[in-house]
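*Asks:* model the following, please.
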Amino acid sequence: MRKMFLFFCLFLTACSFKPVFSGNDTDVYVAPISGINGIELRNALNANFGGMHEQNAKYTLTVDLKNPSTRYKAFERTGDASWQEVKLNASYVLKEKGKEIARGSESASESYTFVRYLVASNASYNNAVMNTIHVLAEKISMRVITETQKNNADKK
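*Replies:* Numbering: from 1, shown residues only. Below is the predicted model of the structure:
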C-alpha cells in the first residue's frame, strides 16, 4: 500500500499536477452583488480568490444572484409541511480587460426543517441559505479559477 501511495505521489509531481486552490492569488475583481445574500456571496467569492481586489484587476466577475426560492419537500399526515428546500440561482460573466472570456450559471440548494415555531423556522431557513451561498461560491470559484488558469496557459 505504501509503495502504491509513493508511486501515486511521484506520478502527480512528474506530470506537473497542481491543485486548483493551490494558494495562488487569482487577480479577480468581484463586482458588487445586490442584496444581503449578494454581499455574502461576494465575500465568499473574494475569500476563494485570495482576498478583495481593485477594479483594475486583470479579470472582472459580474454575478447576477436571483432571490432564493423555496418548495415543500415533505408533509406530515396532518398536511403540515415538515421539510422545505431553498434554492439559489446565479448567472455570471467573467471578463479579461473588458473582453468576455466565460459565461455561465450555477445553482445550489439545501433542505431544512420547517417547524411550527417561527423563530426556529427562520433560523433553519437562514442557515440553509448561508450554506447554499457557500456552495454556490465554491461552484462559481472553481469555474472562474479554471477559466483564468486556462486563459493564462493559452497566452504562454
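*Asks:* quick one: the strands in this protein?
*Replies:* Here the chain has its strands, by DSSP state E, at 28-30, 59-65, 69-75, 81-96, 99-113.
*Asks:* kindly reformat the ones you listed as CSV containing distance to residue 119 and mean pLDDT.
*Replies:* Yep, even glycine has a C-beta here, placed from its N, CA and C like the rest. Below are those laid out as CSV (distance: least, CB to CB, whole Å; pLDDT from 0 to 100):
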stretch, distance to residue 119, mean pLDDT
strand 28-30, 33, 94
strand 59-65, 26, 96
strand 69-75, 17, 82
strand 81-96, 16, 91
strand 99-113, 13, 92
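*Asks:* so of the ones you listed, which one's packed in deepest?
*Replies:* Highest mean neighbour count of the strands of the chain: strand 28-30, a mean of 23 (counted as mean count of other CB atoms under 10 Å).
*Asks:* and that one, what does it pack against?
*Replies:* Packing contacts for strand 28-30, counted by 3 or more CB pairs under 8 Å, 6 or more residues apart in numbering; DSSP states H and E, involve helix 36-48, strand 59-65.
*Asks:* burial of residue 36, as a residue count?
*Replies:* Neighbour count of residue 36, defined by other CB atoms under 10 Å: 9.
*Asks:* re the thing from before, dump the strands of the chain to CSV, plus distance to residue 143.
*Replies:* Formatted as CSV, the strands of the chain follow (distance: least, CB to CB, whole Å):
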stretch, distance to residue 143
strand 28-30, 12
strand 59-65, 10
strand 69-75, 22
strand 81-96, 8
strand 99-113, 6
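*Asks:* rewinding a little: export the helices and strands packed on strand 28-30 to CSV and tack on distance to residue 100?
*Replies:* Rendered in CSV, the data for the helices and strands packed on strand 28-30 read as follows (distance: least, CB to CB, whole Å):
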stretch, distance to residue 100
helix 36-48, 18
strand 59-65, 10
